[in-house]
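S.K.: Predicted model and sequence follow; I will ask about them next.
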Amino acid sequence: MSKIILQVEDLRTFFFTRKGVVKAVDGVSFYVREGETFGIVGESGCGKTVTGLSILRLLPEPAGRIVGGKIIFNGTNLLELSKKEMREYRGRMIAMILQDPMTSLNPVYTIGDQIAESVRLHQGLRDEMVEKEVISALRLLKIPSPEILLEDYPFQLSGGMRQRVVGAIAMSCYPRLLIADEPTTALDATIQAQYIALFKEIQKKTNVAIIYITHDFGVIANMCHRVGVMYAGKILETAMTKELFKAPKHPYTSALINSVPRLDRKDDRLYSIEGQPPSLMNLPPGCRFSPRCSMAQAVCSEQEPPEVEISDGHSVSCWGMK
Amino acid sequence: MEGRDLKKYYPVTKGLLQRTVGWVRAVDGVSFTIERGKTLSLVGESGAGKTTTAKAVLLLEQLTSGSILFEGKDLQQFSQLQLKTEYRPRVGAVQQNPWSSMNPRMRVRDIIAEPLVVNTKQSKQQIRSRVLELLQQVELSPEHAECYPHEFSGGQRQRIAVARALALRPSLVVLDEPVSALDVSIRAQIMNLLKDLQGKHNLSYLVIAHNLATVRYMSHSVAIMYLGQIVEYGEAEGLFERPLHPYTRALISASLLAVPEGNGQEIKQIILSGEMPSPLNPPSGCRFHPRCTEAMDMCSKVVPEIRVVGRQWVKCHHYD
């Protein structure tokens, strides 16, 4: 098995607001191996994006703070680095792709300039070399006729092309870890399929580790090797993708999988989870899913369940496992 | 409801004199039928003309040509007054984004009551009791009537939007991406609610969607749109079991089953090259041919006609 490139241990990221403390990430642990894709799936507001931002230490300060845990990247705890040292990692070692390409690109610079910025900053190359690197980054993302595209502005491109450019910026320095936060949510179905096929290919070529953040189980099934299911700031279940779909153990995971309509069969009635996710400012006592859980017992609303490894690589936090 | 050969072209103007230099053919010859108590879904990627078609049905866009028949009567024969009193109250609408479709300064009771106030002469008491009845139908409680939209989650807001659409007891409701802005666990709640209401009130739905799994769950019949035209049309079950058009097959393949590879039935992945061309200058012949994996010589030259295959029809030369 390949080397573990990133290990997150008991990460806690809170937001301190005037109304109270928002526990956006509340004890999250997982690891990613080289050349592997780890998916984080969950509903909006469950802390997926904040987990991604915490790894890069890009939280909106001073409200957002990492209050506990470790983020070990290639042997170094990123949380112990100074701001200047952290900059050495961002972009060069760890890159990120955000959801909406229109807001992550600068509208007044050409595509070429924006990719060159990251190449120049992180690799310190001279001008002649920069253009070569920029073109090879665009080639990696299979952008047709890259030489012409260099002079274009973001508004001249379609959504799918823009997201490829964002991918090119992220991959331009050949990072070891890529955090992709819903990169295909804003794209059309056929374009999304192109993008996912492309990233699988890039991963084979460069052996980059990917953390893929999404709410779409279809993307998880097609893209990720292992998955963590996140709910209200915590990962409730981690497993190999195949195992998670075949034998989901946490009631939330199976409810979520069952509530997604299937294309390959006719459903008469969808299973639906009662109620809504809790407020992160005011979490229920015990297991955070217990108020919506159809299998909740008395203990569930009293004590938080520990994480239990039920088989190799498959862990669940649920009292029902005991 | 029946749509016959609907066309909507938008002019492209240029220069000081605003001369028309071309036409964007947003909807180019679309025909469909929606039966009482049934659901028709228009499916396609952005720019396929789904929303323009829905807007035409809601009379928010003037058609370039074609006619819409409602309960057997052509809308062109309705006078302005008749449209206002006999057509618009019978057709409701739910928008995609429940954050922008409601006035944040109005209370829920006023939001739901607005169509009643505008279109009927009911007393305050009657309106009030109708609002409470509607809230109950969408499974919200009477206390919610006094709240403002910002106090609700997305799923609850979408329930309010549904209540407003049903206020005038319409027979047809246009649902423009009713669940795509909602979270996964909430989508199922809203889809089940819409199905229940359809059964209870014998409603017809015109659904605009891009998520095929949602469409399969919601619809009785489906129209697959590409670049302003319907390329395949038929009963939902048949169409998903036996997709005929290469574009339909590519769409189904692209909509990523929530089943990991190697788990039972596997569908061959078809990755389309390129993107949808501009409707300003659509390709010759079959509009899909530049991206089609099965294109033949004649596809770029001859426009395919409708071919009926079983209980669905398709526009593709492979079925000539």
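M.R.: That came through, no problem.
S.K.: Just want the residue of chain A that's nearest chain B.
M.R.: Closest to chain B within chain A is A:G218: 3.2 Å, counting by CB to the nearest CB. The way it works is simple: take the backbone N, C-alpha and C, and place the C-beta from them, glycine included.
S.K.: Quick one: list the elements packing against the helix or strand hosting that residue.
M.R.: Per DSSP states H and E: A:G218 is located in helix A:217-223. Judged by 3 or more CB pairs under 8 Å, 6 or more residues apart in numbering or on different chains; DSSP states H and E, helix A:217-223 is in contact with strand A:37-41, helix A:189-206, strand A:209-214, helix A:241-246.
S.K.: Pipe these into CSV and attach mean neighbour count per row.
M.R.: Compiled in CSV, those are given as follows (neighbours: other CB atoms under 10 Å in any protein chain shown):
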stretch, mean neighbour count
strand A:37-41, 25
helix A:189-206, 19
strand A:209-214, 24
helix A:241-246, 20
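S.K.: Nearest to A:P107, out of these?
M.R.: The stretch from the helices and strands packed on helix A:217-223 with the least distance to A:P107 (CB to CB) is helix A:189-206; that distance is 20.9 Å.
S.K.: quick one, the closest one and strand A:209-214 angle?
M.R.: Calculated by axes from the mean of the first three to the mean of the last three CA atoms, to 10 degrees, helix A:189-206 forms an angle of 160 degrees with strand A:209-214.
S.K.: Does helix A:189-206 reach chain B?
M.R.: Yes: Helix A:189-206 reaches chain B (CB under 8 Å from any CB of the partner chain) through A:A189, A:T190, A:I191, A:Q192, A:A193, A:Q194, A:I196, A:A197.
S.K.: if I look at the third one, how far off is B:R107?
M.R.: Taken as CB to CB, to the nearest Å, the spacing of A:I191 relative to B:R107 amounts to 41 Å.
S.K.: cool, the second one as well?
M.R.: Between A:T190 and B:R107 the distance is 43 Å, computed by CB to CB.
S.K.: Ok, the last one next?
M.R.: Taking CB to CB as the measure, A:A197 and B:R107 are separated by 49 Å.
S.K.: likewise the first one?
M.R.: If you measure A:A189 against B:R107 using CB to CB, the figure is 39 Å.
S.K.: right, and the helix or strand after the worst-scoring helix or strand of chain A on mean pLDDT?
M.R.: The helix or strand of chain A with the lowest confidence, counting by mean pLDDT, DSSP states H and E, is helix A:101-104 at a mean of 83. Downstream of helix A:101-104, the next assigned helix or strand under DSSP H and E is helix A:111-123.
S.K.: Contacts for that next one next, please.
M.R.: A:91-92, A:105-106, A:109, A:125, A:130-131, A:133-134, A:137-138, A:149-154, A:157, A:165, A:168-169, A:172-173 (CB atoms under 8 Å, 6 or more residues apart in numbering or on different chains).
S.K.: which residue ranges form the helices in chain A?
M.R.: A:48-55, A:83-89, A:101-104, A:111-123, A:127-140, A:146-149, A:159-171, A:189-206, A:217-223, A:241-246, A:251-258 (DSSP state H).
S.K.: Of those helices, which is nearest B:M296?
M.R.: Nearest to B:M296, of the helices of chain A and by CB to CB, is helix A:189-206 at 20.8 Å.
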